[in-house]
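1. What shape does this take:
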Amino acid sequence: MNTATQPARGASAALWISTIGFTGAFAVWTIFSIIGVEIQRDLGLNETQFGLLIGTPILTGSLIRLVLGVWTDQLGGRRVNAIVMLSAAAATFLLTFADTYWQFLVAALGVGIAGGSFAVVTTYVSKFYPPEKQGTALGIVGAGNVGSAVTKLAAPLVMVALGWEAVAQIWAAGLALLAFFFFFSTRDEPDLAERRAKGQKARSFAEQFEPLKNIQVWRFGLYYFFVFGAFVALALWLPRYLIGVYGFDITTAGMIAAAYSIPASIFRVYGGYLSDKVGARKVMYWTFIVCVVASFILSYPPTNYVVEGIRGDIAFRLATGPVAFLVITFVLGFFMSLGKAAVFKHIPIYYPKDVGAVGGLVGMIGGLGGFILPIVFGLLNDLTGIWTSCFMLLFLIVSVALFWMHFSIQRMEREAAGRALDDLPELPEMQPVHTRETAGALKPRLITDWRPEDPAFWENTGRAIARRNLWISIPALFLAFAVWMVWSVVVAQLPRVGFDFTDSQLFWLAALPGLSGATLRIFYSFMVPVFGGRLWTTLSTWSLMIPALGIGFAVQSPDTPYWILLALALLCGLGGGNFASSMAHIGFFFPKREKGNALALNAGLGNLGVSAMQFIVPLVITAGVFGALGGTGQSVMQDGQETTLFLQNAGFIWVPFIAISAFLAWFGLNDLATAKASFAEQAVIFRRTQNWVMCWLYTGTFGSFIGFSAAFPLLARIQFPDVNVLQLAFLGPLVGALARSLSGWMADRWGGARVTLGVFLVMGCGVISVIYFANTGSFAGYFLSFLALFIASGVGNASTFQMIPAIMRKEVARLEPQLTGDDATRQADKESAAITGFTSAIAAYGAFFIPMGLGLSVSMAGSAFPALAAFLAFYVSCLVITWQVYVRPGGLLADEGLAASIRSAGLAQGAQK
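-> I've put the predicted structure just below:
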């Protein structure tokens, strides 16, 4: 980075020629937004396939940004950017030779190389300018986004006159010319020239990737995922949206989309200027607040209302017309552009030596938004049938970004203010009567003296408090698991009560609670140290009321739209998130010697909620448990006779218990002053290789347990339609949860790694057995094979968690040699707790991927065999990893458990002799 007060020599040429070159690269990068519409018609693609086609170039351009940013630091921006532009030009020209959908996808990957130019030019230009001018300079470079508008304005005219092939050929030729112009009209950046003059080597990849461990970098990535990724996604999606919603032709839609892109791109320059003058934080606040409002308005679908008035019905309609839509969309694009400049204002300031790596990662995440979002837009259209569903998703993303930014800033300010904030009154009106003695009087009571490792304290005081918190936490977690997985049983019954959905749609409904639950676990892992276990457990338990009541009302009518059921499926994930916060809360209360048993009881008995739900729900839906309050039943045919189901009871049955549990949590749980851990302290686990290895293995155990729990009722109903599977489905989660609760001693005695090795061997055999009995049509063998999978996964859940502390005790000693004694132990415990929470979040995605994998397998291949074969391959990989990393002679845990016992016994015998 240039540290002088004035730009370096050649700065102007680097700035303006880079901007021109990036404009051309961006025009090529978004070419499918126009020619993709014609290709969709030629090939007869559905919305999801179209979204994948226009998003594929964005994928390549995003993924290569990180590496290109580092290469720019090492090799120089002139050379790297010229190569990028020429490569993209060649791929764009070859696009005209594609004939099939798959050929177009492969060609689109090459076209996407053009998107990598952004990481190169931002790194390159930043080296020429001092910090106080970098915001404006990078804003000007970012205005190259206007290339998207160039494509939307000119490409439709060329395509109508000469065909889409001519568009690709002309754009390829133009980009190649710009590559040569850029290379021969600019000079090397100052630090590269200085390094070459001194004969110094460039920094290695490892050195440049070091800042990526900071969670701040990933937070910047989320911001850019919205302000840039959503901008690109809308630039690609708007022509399709305008044609589908308002009936515009391709030329008009392209011009309107260009009108959206041009000012939004140019105003990025203004965003850079504002970031230099008033600060990037203020610009980000205004960006997110306005975008929350705009995306909420745009997400509201056209709706007809009929209100029963005093003198009769009052009918009216709410809908966003084309003029209002364009105005709001332009406002959205304008503030996105301000935000794009503000995000990149931070990077050269905070990471002056690592602009390439950090800017590459942030750019990659933003670019991935441009790839993922168009696909999800198309998918949401196919699933919900609502055009505005794309803006609903954007509203959710920007709301999360605003919350995270505000929370992070508040935390920073609180840490800086320290004691001063604690001395303030709770309300401004209390200032006249506020004294030091009343400070904190209305705040939650904390246990400030907590010494569980002190035997006397534990026996006299600590044990009773800890056990009370445990036995209140268990039923709350039990209900959370029940609500999380209740959708799997409801989905299996929907066709019986009149809902006309395909198997693919039903598997989507069964899978979405797993997706949202796993994602929420990542955030819930950090909530207890921030809000306190008492408050957070109470709030998270009350939140279960939303899906419980929602299910009860929604399933009573087959006319309920599919998108409402999708929303309820996502809301069921609130229960899935509770596991991470519940385990964090209980883990703080118990001493080391009892922590494992306490966590096993909390997790194992909490897991029983899945089994209890699958046992209770089939019973309560057969009777009007709540009488008239529960609504009327649904008539169905069973064994040739008409009967009545009360499917709404699947949700309503949990409501009173949720209320009781939430009250118990509020009045019975405690908060500990010592239960604090910052994001930065826990972020060290992302540098630990063993964290990622254990994520893989725990996904094989818990991911299988929760995934099979979600998928088995529906899969078995499809495989054996004549069997009433719901009468037996609860047994799988039951034996799995009990196996987890009762098998901890096995890992303590024989070593968690050895038990895990045996678990994956059994699970591989179990999958083979499932495939065999599915082919022979034997339900008994099929069901017993799944029971074996549940039992093995339950044992593996306990054994993998037992491995984590043992691993980190050794890893911390190796990786942090400066820590000794109690310091090393505390560090190992802290990292073990963080890894436990993170692995539980990653593994919970099994609740999404297993049902979705089985659903895709059934819909595309007509059977579950491809998915089961993939599961078998995954278990084999887990088996190999467990042996190679942990169990083999010389492995990390080779001397744990049984081996350690044998060695100790041998030493004892030798001492006696």
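2. In three-state terms, label Ser408 for me.
-> Following DSSP: H, G, I helix; E, B strand; the rest coil, Ser408 is assigned to helix.
3. typo on my end, Tyr305
-> At Tyr305, secondary structure determined by three-state DSSP is strand.
4. wait, doesn't it sit right on Ala319?
-> No - contact criterion Cβ atoms under 8 Å: Tyr305 and Ala319 do not qualify, at 11.0 Å. C-beta here means a position set from N, CA and C on the backbone, and glycine is covered the same way.
5. just the strands in the chain please.
-> Under the criterion DSSP state E, the chain contains strands at 303-309, 312-318, 634-638, 641-645.
6. separation between Asn724 and Phe377?
-> 40 Å (Cβ to Cβ, to the nearest Å).
7. Highest mean neighbour count out of the strands of the chain?
-> Of all the strands of the chain, strand 634-638 has the most neighbours on average by mean count of other Cβ atoms under 10 Å, namely a mean of 14.
8. before we move on, the earlier item: neighbour count: Asn724 and Phe377, which is higher?
-> Phe377 (28 against 12; other Cβ atoms under 10 Å).
9. burial of the closest residue to the more buried one other than its chain neighbours, as a residue count?
-> Closest residue to Phe377 in three dimensions, ignoring its sequence neighbours and counting by Cβ to Cβ, 6 or more residues apart in numbering: Cys390, at 4.1 Å. Using other Cβ under 10 Å, Cys390 is surrounded by 26 other residues.
10. wait, isn't Cys390 in contact with Leu380?
-> Yes - using Cβ under 8 Å, Cys390 is in contact with Leu380, at 6.3 Å.
11. sorry, back to before: how about a markdown table for the strands of the chain, with mean pLDDT added?
-> What follows is the strands of the chain, written out as a markdown table (pLDDT from 0 to 100):
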| stretch | mean pLDDT |
| --- | --- |
| strand 303-309 | 81 |
| strand 312-318 | 81 |
| strand 634-638 | 64 |
| strand 641-645 | 72 |
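12. Dump these to a markdown table, plus distance to Ile409.
-> Shown next, in a markdown table, are the strands of the chain (distance: least, Cβ to Cβ, whole Å):
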| stretch | distance to Ile409 |
| --- | --- |
| strand 303-309 | 37 |
| strand 312-318 | 35 |
| strand 634-638 | 50 |
| strand 641-645 | 51 |
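13. Which among those is found nearest to Gly609?
-> With Cβ to Cβ, the closest approach to Gly609 among the strands of the chain belongs to strand 641-645: 22.4 Å.
14. The strands of the chain: which one's closest to Leu619?
-> Of the strands of the chain, nearest to Leu619 by Cβ to Cβ is strand 641-645, at 11.6 Å.
15. Looking at this structure, which helix is longest?
-> Secondary structure of the chain per DSSP state H: the longest helix is helix 779-815.
16. Where does pLDDT dip in the stretch 301-450 of the chain?
-> Confidence mapping of the stretch 301-450 of the chain against pLDDT under 70 gives the ranges 353, 355-357, 360, 413-446.
17. what do you get if the cut-off is 50, keeping everything else the same?
-> For the stretch 301-450 of the chain, no stretch has pLDDT under 50.
18. need the helices for it, in chain order.
-> Under the criterion DSSP state H, counting those that start in this stretch, helices of the stretch 301-450 of the chain are mapped to 322-350, 355-384, 389-417, 419-422.
19. Go through those and name the closest to Ser33.
-> Across these, closest to Ser33 is helix 355-384 (Cβ to Cβ), at 9.0 Å.
20. count of residues packed around Trp883?
-> Neighbour number of Trp883 under other Cβ under 10 Å is 16.
21. and the residue lying closest to it once chain neighbours are set aside, how far is that from Gln884?
-> Leaving aside its chain neighbours, Trp883 sits nearest to Leu757 (6.1 Å; criterion: Cβ to Cβ, 6+ apart). To Gln884, Leu757 is 11 Å away according to Cβ to Cβ.
22. What of Ala665?
-> 44 Å.
23. between the two, which one's more packed in?
-> Counting neighbours by other Cβ under 10 Å for Ala665 and for Gln884 shows that Ala665 has the greater number, 25 against 10.
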